[in-house]
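K.L.:
Just need the structure, nothing else, for what follows:
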Amino acid sequence: MAGVSLRTLAELLGHKTLAMVMRYAHLAPAHLREAVERIAEAPSRTTTDTSHTAGPEQQPTLQNQTVRVQ
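P.N.:
Predicted structure coming up:
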């Protein structure tokens, strides 16, 4: 909750797995809420190119498809 990543904390404490760190890392609900708010406010650098969107005739369908399970 002090801004240190769990991976860094695991390294500092000598834990070999994140599961062990999570056993001792008890995050307060307010801390989790603040993290979600930071994520929601962060500008996205991702863009979506919609200029080449496939029409309905190009969309794959599952009709008459045979699925083989072994």
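K.L.:
Read off the pLDDT value for residue 19.
P.N.:
Note for residue 19: predicted pLDDT of 88.
K.L.:
To clarify, my last question referred to residue 60.
P.N.:
The model reports residue 60 with a pLDDT of 56.
K.L.:
Kindly export the lengthiest helix in the chain (C-alpha atoms) in PDB.
P.N.:
The single longest helix within the chain, with elements called by DSSP state H, is helix 29-41. Output of helix 29-41 as PDB, limited to C-alpha atoms (Å, rounded to 0.1, in the frame of the first residue of the first chain):
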ATOM      1  CA  PRO A  29     -10.700  -1.600   0.500                       C
ATOM      2  CA  ALA A  30     -10.000   2.200   0.300                       C
ATOM      3  CA  HIS A  31      -6.600   1.400  -1.300                       C
ATOM      4  CA  LEU A  32      -8.200  -0.900  -3.900                       C
ATOM      5  CA  ARG A  33     -10.800   1.800  -4.700                       C
ATOM      6  CA  GLU A  34      -8.100   4.400  -5.200                       C
ATOM      7  CA  ALA A  35      -6.200   2.100  -7.500                       C
ATOM      8  CA  VAL A  36      -9.300   1.600  -9.600                       C
ATOM      9  CA  GLU A  37      -9.900   5.300  -9.800                       C
ATOM     10  CA  ARG A  38      -6.300   5.900 -10.900                       C
ATOM     11  CA  ILE A  39      -6.700   3.300 -13.700                       C
ATOM     12  CA  ALA A  40     -10.000   4.800 -14.800                       C
ATOM     13  CA  GLU A  41      -8.500   8.300 -15.000                       C
END
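K.L.:
Thought residue 20 was touching residue 6, still the case?
P.N.:
No - here residue 6 does not reach residue 20: they are 10.3 Å apart, not a contact under CB atoms under 8 Å. In short, each C-beta sits where N, CA and C put it, glycine included.
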